[in-house]
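A.B. asks: Attaching a predicted model along with its sequence, questions to come.
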Amino acid sequence: MTEETQMPTLQAHVNYLELAGTKFRFEARLFGLTDFLQAEQLLFENPAAPEDTEETQPEDGYIQSEAPAEPIPLERAIIFRNKRNKRTFILRFPFEGDWTEETFSGELDLNHLTPTGRPLPMGYFDAFFGIVQGKSILHEAPFGDTRSLIPVIYRVDTKHSNVLLKLEYEVVVQYSEYSNTLGFHSLKQGETKRFISLIEKFNKSKKKWRKRAFKFRRFTFKSIYNVTKWTQPIQDNKVVFASDSRSDVSGNFAYILNEIERRDLNLDVKTFFKPNLQSRRDWRDKFTLPYHLATAKTILVDDFYPMIYPLNIRKGSDLVQVWHAVGAFKTFGYSRLGKPGGPSANSLSHRNYTKAIVSSHNVARHYAEGFGLREDQVIATGIPRTDMFFDQTYIAEAKERIYEEYPVFKTKKVIMFAPTFRGNGAKSAHYDFSQLDLDALYEAFHEDYVFVLKMHPFVRRRMEIPEVYADFFLDLTDHREINELLFVSDILITDYSSTCFEFSLLDRPMLFFAYDLEDYISKRDFYYDFEEFVPGPIVRTSEELIERIKNEDFEMQNVKAFAEYFFEHQDGKSSQRFVDQIILGEDK
């Protein structure tokens, strides 16, 4: 067939229609079908093939040939298509005898129209005559005006039933002037789950069993603790480090332990870690942990720790919250009563601490409120892990490690993008990456900068970085220590994250990309007026972001004052003060 050949047009004229119960019988004449099929046959019988040349012949004169692929047969069909979601079902009628026969007749059962043998799902479907080849629809034609052949509106109930499910629909069949064909409107009347309901009952009972098992474990845990504290004395040299958010010694705990080892203190240190709240605790820990909690002079936690909150901490022991964040920024704990994701007034969480540490007396009142403590129980030792910002040897070694791992940081400046998550917690955490204009950022900065993403660990969905931008946008979310990355960063872009506190110690520029400030305030709120509080410009769009960086408009005069307010001690001795005041109990 030449390029000038026009594909014939398929038209339908319906001679007979009958709707009886769920049976749908039809007879039609498809005008143009003969020409259409002959044109298709010509394509299959005369495929274009390259001419043989001497170069294509094997030297031994033996010509290998492959069996020609068997052509996919053409079939007539009734096609049901949902015009809203384009969902399509094809009912096939193979050609019999003379394949150019233009008469098309057949019968359908409205109970079995989908590939799984079900009725049409809920929705509005138009019906067409068609010619199909495999999964491809080559041509189709509407039924035309059929109002003289069927009732104006025909209603019928369709059903589907199997071991798992029973479905019931009402199908309304009528002529559609919009599509000039028959329309089938399927309405779900009912749905009965069979084995599925049994599975749901099983899951409910499983959930109840887990809840009972948890109550039993908690009862056993409390019982071991209480029996131990009634029968065993406190061991003055025992210190317990417990965390449900880390699997090894790191963060504040690492600096405290290093200080204990440096001073060769005669302390009996016990550590109980697991990587997250969902992970299982070692079975031995379930018995040994309450024993050591009951006999320890000092218990240190660095985050939410649910197993400890139902305990009535014995007199003479200290339960100290060594919080993972610095400063006071977003409201937390009991400062969030009545807010989305906040605790209930009857919650036991955070209720039994005897002490907490902070970076400055200026924020003690906020931590006291968040943890339900008196202000004199909140001690401004400084935050142990911030000692690294005053250790030039450590900084040099950390930078060398980063440069070795990411050589591009040696040749280009680094923009660190480290926002917090949106949502009420780990399960709902997300971030709206569409707020970043990747094209504009790349165009503006790719020659001089790299753009490093360090997302909050709660945010599971990562930003999709186009391959063409892979040398500019680097996702280093999995790099454990953000402070090491801060050492090599020239500019920090954050929003409501406490990262700004540590970065202020480096006296470098910050921008606050707060595109949803009003919404965040209404849901989470802050201890300070955000616009007066942050030590850098607030931007809401990528365009503002780019303009500030290009113009080096960072309001640097605010950074040093910010650091002085939130860091009472800038001497690198917070770990030493912590050991002296919290573990050894020396006077301030």
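C.D. replies: Great, that's in hand.
A.B. asks: Would you mark the buried spots in stretch 144-153?
C.D. replies: For stretch 144-153, burial by neighbour count (16 or more other Cβ atoms under 10 Å) applies to 144, 146, 149-150. C-beta coordinates here come from the backbone N, C-alpha and C atoms, glycine included.
A.B. asks: Could you export those as TSV, including distance to V227 and secondary structure?
C.D. replies: Converted to TSV, the buried residues of stretch 144-153 look like this (distance: Cβ to Cβ, whole Å; DSSP: H, G, I helix; E, B strand; the rest coil):
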residue	distance to V227	secondary structure
G144	87	coil
T146	84	coil
L149	86	coil
I150	82	coil
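A.B. asks: Quick check: of those, which lies closest to Q235?
C.D. replies: Lowest distance from Q235 to these (Cβ to Cβ) belongs to I150, with 90.2 Å.
A.B. asks: E18 versus that closest one, what's the distance?
C.D. replies: 8 Å (Cβ to Cβ, to the nearest Å).
A.B. asks: on that earlier part again, go through the buried residues of stretch 144-153 and flag the one the model is least confident about.
C.D. replies: In terms of pLDDT, the lowest of these is I150, showing 86.
A.B. asks: ok, it - contacts?
C.D. replies: Under the criterion of Cβ atoms under 8 Å, 6 or more residues apart in numbering, the neighbours of I150 are 17-19, 173, 175.
A.B. asks: Check which helices and strands the longest helix seen in the chain is in contact with.
C.D. replies: For the chain, the longest helix by residue count, based on DSSP state H, is helix 195-231. Where contact means 3 or more Cβ pairs under 8 Å, 6 or more residues apart in numbering; DSSP states H and E, helix 195-231 is packed against helix 283-295.
A.B. asks: how about the residue nearest to A429 when sequence neighbours are not counted, what does it touch?
C.D. replies: Closest residue to A429 apart from its sequence neighbours, by Cβ to Cβ, 6 or more residues apart in numbering: F458 at 3.5 Å. The contact partners of F458, by Cβ under 8 Å, 6+ apart, come to 421, 423, 425-426, 429.
A.B. asks: could you redo the last one with a cut-off of 6 Å?
C.D. replies: By Cβ atoms under 6 Å, 6 or more residues apart in numbering, the residues touching F458 are 421, 426, 429.
A.B. asks: cool, D437 as well?
C.D. replies: Applying Cβ under 6 Å, 6+ apart to D437 gives the contacts S542.
A.B. asks: mind checking how far it is from E543?
C.D. replies: Taking Cβ to Cβ, one finds D437 at 7 Å from E543.
A.B. asks: Then F451?
C.D. replies: 16 Å.
A.B. asks: Check what pLDDT E54 gets.
C.D. replies: The score at E54 is 41. That number is its pLDDT.
A.B. asks: host element of S522?
C.D. replies: helix 517-523 (DSSP states H and E).
A.B. asks: Kindly report the same for L300.
C.D. replies: L300 belongs to strand 296-301, assigned by DSSP H and E.
A.B. asks: Spell out which strands sit alongside that strand in the sheet and which way each one runs.
C.D. replies: If you go by DSSP bridges, strand 296-301 pairs up with strand 235-243 (parallel), strand 318-321 (parallel).
A.B. asks: Quick one: low-confidence residue ranges for the stretch 301-450 of the chain.
C.D. replies: By pLDDT under 70, the low-scoring segments of the stretch 301-450 of the chain are 339-341.
A.B. asks: Tell me which stretches of it form strands.
C.D. replies: For the stretch 301-450 of the chain, the strands defined by DSSP state E, counting those that start in this stretch cover 318-321, 355-357, 378-379, 413-417, 449-453.
A.B. asks: partner strands of the helix or strand that the last one is followed by, parallel or antiparallel?
C.D. replies: So the one you mean is strand 449-453. Downstream of strand 449-453, the next assigned helix or strand under DSSP H and E is strand 473-475. If you go by DSSP bridges, strand 473-475 pairs up with strand 449-453 (parallel).
A.B. asks: Residues in contact with the strand it pairs with: which ones?
C.D. replies: With Cβ under 6 Å, 6+ apart as the test, strand 449-453 has contacts from 408, 412-417, 472-476.
A.B. asks: Any chance of TSV for those, columns neighbour count and distance to T231?
C.D. replies: Converted to TSV, the contacts of strand 449-453 look like this (neighbours: other Cβ atoms under 10 Å; distance: Cβ to Cβ, whole Å):
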residue	neighbour count	distance to T231
V408	13	61
K412	17	63
K413	14	62
V414	21	57
I415	23	59
M416	24	53
F417	24	54
F472	21	64
F473	20	60
L474	20	56
D475	17	53
L476	17	51
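A.B. asks: Quick one: the residues you listed as JSON lines, columns for distance to E200 too.
C.D. replies: Below are the contacts of strand 449-453 laid out as JSON lines (distance: Cβ to Cβ, whole Å):
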{"residue": "V408", "distance to E200": "53"}
{"residue": "K412", "distance to E200": "56"}
{"residue": "K413", "distance to E200": "56"}
{"residue": "V414", "distance to E200": "52"}
{"residue": "I415", "distance to E200": "50"}
{"residue": "M416", "distance to E200": "47"}
{"residue": "F417", "distance to E200": "43"}
{"residue": "F472", "distance to E200": "49"}
{"residue": "F473", "distance to E200": "44"}
{"residue": "L474", "distance to E200": "45"}
{"residue": "D475", "distance to E200": "39"}
{"residue": "L476", "distance to E200": "43"}
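A.B. asks: closest to H160 among those?
C.D. replies: Once Cβ to Cβ is applied, the member of the contacts of strand 449-453 that ends up nearest H160 is D475, at 46.5 Å.
A.B. asks: Quick check: chain neighbours aside, which residue is closest to that closest one?
C.D. replies: Closest to D475 by Cβ to Cβ, 6+ apart is L453, at 4.7 Å.
A.B. asks: One more: V172?
C.D. replies: Among residues not flanking V172 along the chain, H185 sits closest, at 4.3 Å (Cβ to Cβ, 6+ apart).
A.B. asks: do T420 as well
C.D. replies: Spatial nearest neighbour of T420, excluding adjacent residues (Cβ to Cβ, 6+ apart): S497 at 4.2 Å.
A.B. asks: Verify the stated contact: the one you found with F421.
C.D. replies: No. Using Cβ atoms under 6 Å, S497 is not in contact with F421, being 9.1 Å away.
A.B. asks: re earlier: the residue nearest to D475 and F417, how far apart?
C.D. replies: Using Cβ to Cβ, one gets 5 Å for the distance from L453 to F417.
A.B. asks: joint contacts of those two?
C.D. replies: Contact criterion Cβ under 6 Å, 6+ apart; no residue bridges L453 and F417 by contacting each.
A.B. asks: which residues touch stretch 246-264?
C.D. replies: Around stretch 246-264, the neighbours that count as contacts under Cβ under 6 Å, 6+ apart are 241, 267, 273, 275, 302, 322, 384-385, 387, 575, 578-579.
A.B. asks: at 7 Å instead, please
C.D. replies: 241, 243, 267, 269, 271, 273-275, 302, 322, 324, 383-385, 387, 575-576, 578-579 (Cβ atoms under 7 Å, 6 or more residues apart in numbering).
A.B. asks: For burial, what's the neighbour tally of E96?
C.D. replies: Using other Cβ atoms under 10 Å, E96 is surrounded by 7 other residues.
A.B. asks: Quick check: which element contains it?
C.D. replies: Per DSSP H and E: nothing holds E96, as it lies in no helix or strand.
A.B. asks: what's the following helix or strand after the lowest-mean-pLDDT helix or strand in the chain?
C.D. replies: Across the helices and strands of the chain, mean pLDDT, DSSP states H and E gives its lowest value to helix 33-45, namely a mean of 58. As assigned by DSSP H and E, the chain's next helix or strand after helix 33-45 is strand 74-82.
A.B. asks: so what secondary structure elements neighbour that following strand?
C.D. replies: In terms of contacts (3 or more Cβ pairs under 7 Å, 6 or more residues apart in numbering; DSSP states H and E), strand 74-82 is packed against strand 88-94, strand 123-133.
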